[in-house]
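Visitor: Following is a predicted model, sequence given first.
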There are 2 protein chains.
Amino acid sequence: MDVKTVCLGMLTQGDASGYDLKKYFESSFGHFFAAGYGSIYPALAALADQGLVSCEEVPQERKPDRKVYSITDQGRAELQAALVDPNPSHKVRSEFLAMMFFAHLLDENHIDTVLNNRVAECDRLLQSIKAFEEQAGGCDCLPSGARFVAGFGKAIASACRHYIEENRKVLVEREARDAGPKVAAG
Amino acid sequence: MDVKTVCLGMLTQGDASGYDLKKYFESSFGHFFAAGYGSIYPALAALADQGLVSCEEVPQERKPDRKVYSITDQGRAELQAALVDPNPSHKVRSEFLAMMFFAHLLDENHIDTVLNNRVAECDRLLQSIKAFEEQAGGCDCLPSGARFVAGFGKAIASACRHYIEENRKVLVEREARDAGPKVAAG
DNA sequence: GAAGTCATGTAAAATGTTACATGATTCA
DNA sequence: TGAATCATGTAACATTTTACATGACTTC
């Protein structure tokens, strides 16, 4: 599943411009599927080429024109086909963990800074997911999929934060070397 | 930080061939930084070009020759420079969550299958991290960075598994629509 | 006057994935 | 005989990221 498919899915929830989709990506998809204008606009153009979306240009007063896209029947069929995969991927690429793996090459102040920044990042993420839920009207109004995904993001971000706080000693106090990580999986 | 940098880091822990590095990627880096031969071999060739590693060809009896790489002083300096970034990234790209976001477009059997497969994937991951820890000799022998990272992987995989088990009803029993996710962040 | 929002896009560069290509040895 | 392991690599392809390019309006 690529950016094109996700755009197609977003358009099942209402017509939108590339600019709108970027905002959806930021507010609800940001933590697990990022996309910038550089992928969204070409994706929409390709979808239009294939007849999976239609496009209407809407002139606006005192603002640039908008290109509003709608999903077509063919687009819906294509989306269904893309969603049958029983093993969708879930990939992590973490420079953070790679860096921590090489902790023995770093000085403790630097490790400390990196861990603090990562914790702050988790907090930002938690805040932004909560903002998304609230903005949608107290969370009961959200479709079940959006609620599940938001909850997932919160659970992982908070597990991440918690693990770092409980185990940073492993990395920073070299004497505590044989304490071992405190939170281990059951 | 790209595959080249990670290879450089791995070579601080001892000389190795591309084939060896692939195994390191699988055993300890697999869950947060994947790489295949198609990235590793070109990375080593580029590092050698830049003088960051040196290469010795070792003929073997009854086996193909090995190209064993060692990090150079210049390579160590380059690695240090790559590790100063105070904000290393941690990116997730999840077709799984994207698919679940669009749960309202899927039938319940399919959702069920996808969730089961994801849980099984978490279990495989937990097993492989435990295998890595044990193979390293009971976990006390591991450098602190490797221990921290392994613990991190286990914590996240088990949070993921737990969240899915507790909240799959949100997606599958449509009547339970207003129950909401059970595990929310504090 | 500066910064931010609205709005669209292209082009080049970087990066990674997949498939292909080869070939001996070992184990069941 | 077939599958797995050891061992190296290339080439085409897909995909994303980054920088560039434009321009009006609004808010501080």
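Guide: The structure has been received and is ready for your questions.
Visitor: and chain A, which residues reach DNA strand D?
Guide: A:2-3, A:34-39, A:42-43, A:62-64 (Cβ under 7 Å from any atom of the strand). In short, each C-beta sits where N, CA and C put it, glycine included.
Visitor: how many other residues sit next to the closest residue to DNA strand D within chain A?
Guide: Closest to DNA strand D within chain A is A:Gly38: 2.3 Å, counting by Cβ to the nearest atom of the strand. A:Gly38: 9 surrounding residues under other Cβ atoms under 10 Å in any protein chain shown.
Visitor: mean confidence score for the strand or helix carrying it?
Guide: Using DSSP states H and E, A:Gly38 sits within helix A:37-49. Averaging pLDDT along helix A:37-49 gives 94.
Visitor: What's the local residue count around A:Ile156?
Guide: So A:Ile156, with other Cβ under 10 Å, has 22 neighbours.
Visitor: what about it, distance to chain B?
Guide: 6 Å (Cβ to the nearest Cβ, to the nearest Å).
Visitor: Surely that residue touches B:Ser158?
Guide: No - A:Ile156 sits out of contact with B:Ser158 when judged by Cβ atoms under 8 Å, with a separation of 10.9 Å.
Visitor: hang on, the earlier thing: just the buried ones from the residues of chain A next to DNA strand D?
Guide: A:Val3, A:Ala35, A:Ser39, A:Ala43 (16 or more other Cβ atoms under 10 Å in any protein chain shown).
Visitor: what's near enough to touch the first one?
Guide: Put plainly, it is A:Val3. A:Ala35, A:Ser39, A:Ile40, A:Ala43 (Cβ atoms under 8 Å, 6 or more residues apart in numbering or on different chains).
Visitor: just those now: which is nearest chain B?
Guide: A:Ala35 (10.1 Å; Cβ to the nearest Cβ).
Visitor: sorry, back to before: greatest separation within the residues of chain A next to DNA strand D: which pair is it?
Guide: A:Asp2 and A:Arg62 (35.4 Å; Cβ to Cβ).
Visitor: still on that earlier bit, would you reformat the contacts of A:Val3 as TSV and include distance to chain B?
Guide: What follows is these, written out as TSV (distance: Cβ to the nearest Cβ, whole Å):
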residue	distance to chain B
A:Ala35	10
A:Ser39	12
A:Ile40	14
A:Ala43	14
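Visitor: What is the nearest of the residues of chain A next to DNA strand D to B:Gly18?
Guide: A:Asp2 (29.3 Å).
Visitor: Now that closest one: phi and psi?
Guide: With angles defined as degrees, to the nearest 10, A:Asp2 sits at phi -110, psi -170.
Visitor: any idea how far it lies from B:Gln80?
Guide: According to Cβ to Cβ, to the nearest Å, A:Asp2 and B:Gln80 sit 36 Å apart.
Visitor: ok, now A:Pro59?
Guide: 56 Å.
Visitor: need the contact list for the nearest residue to A:Tyr41 once chain neighbours are set aside.
Guide: In this structure, A:Tyr41 finds its nearest non-sequential neighbour in A:Gly18, 5.1 Å apart by Cβ to Cβ, 6 or more residues apart in numbering or on different chains. By Cβ under 8 Å, 6+ apart, the contact list for A:Gly18 reads A:Tyr37, A:Ile40, A:Tyr41, A:Leu44, A:Lys67, A:Tyr69.
Visitor: Chain A: strands as residue ranges?
Guide: A:53-60, A:63-71, A:90-94 (DSSP state E).
Visitor: A:Glu78 contacts A:Ala46, doesn't it?
Guide: No - at 11.8 Å, A:Glu78 does not count as touching A:Ala46 under the criterion of Cβ under 8 Å.
Visitor: So which of those two has more stuff around it?
Guide: A:Glu78 (20 against 15).
Visitor: Kindly provide the distance from the closest residue in space to A:Glu165 that isn't next to it in sequence to A:Glu166.
Guide: In space, A:Glu165 comes closest to A:Val119 once its chain neighbours are excluded; the distance is 6.9 Å by Cβ to Cβ, 6+ apart. Here the criterion is Cβ to Cβ. By it, A:Val119 lies 12 Å from A:Glu166.
Visitor: what do you get for A:Arg124?
Guide: 20 Å.
Visitor: before we move on, back to that, in CSV: the strands of chain A, plus distance to chain B.
Guide: Shown next, in CSV, are the strands of chain A (distance: least, Cβ to the nearest Cβ, whole Å):
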stretch, distance to chain B
strand A:53-60, 16
strand A:63-71, 11
strand A:90-94, 4
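Visitor: Compare the ones you listed and give me the one nearest DNA strand C.
Guide: strand A:63-71 (4.0 Å).
Visitor: ok so, going back, for A:Pro59 and B:Gln80, indicate the residue with more neighbours.
Guide: B:Gln80 (11 against 8).
Visitor: residue contacts, that one?
Guide: A:Leu105.
Visitor: now A:Phe102, nearest residue through space, not along the chain?
Guide: B:Gly9 is the one closest to A:Phe102 (Cβ to Cβ, 6+ apart), at 4.7 Å.
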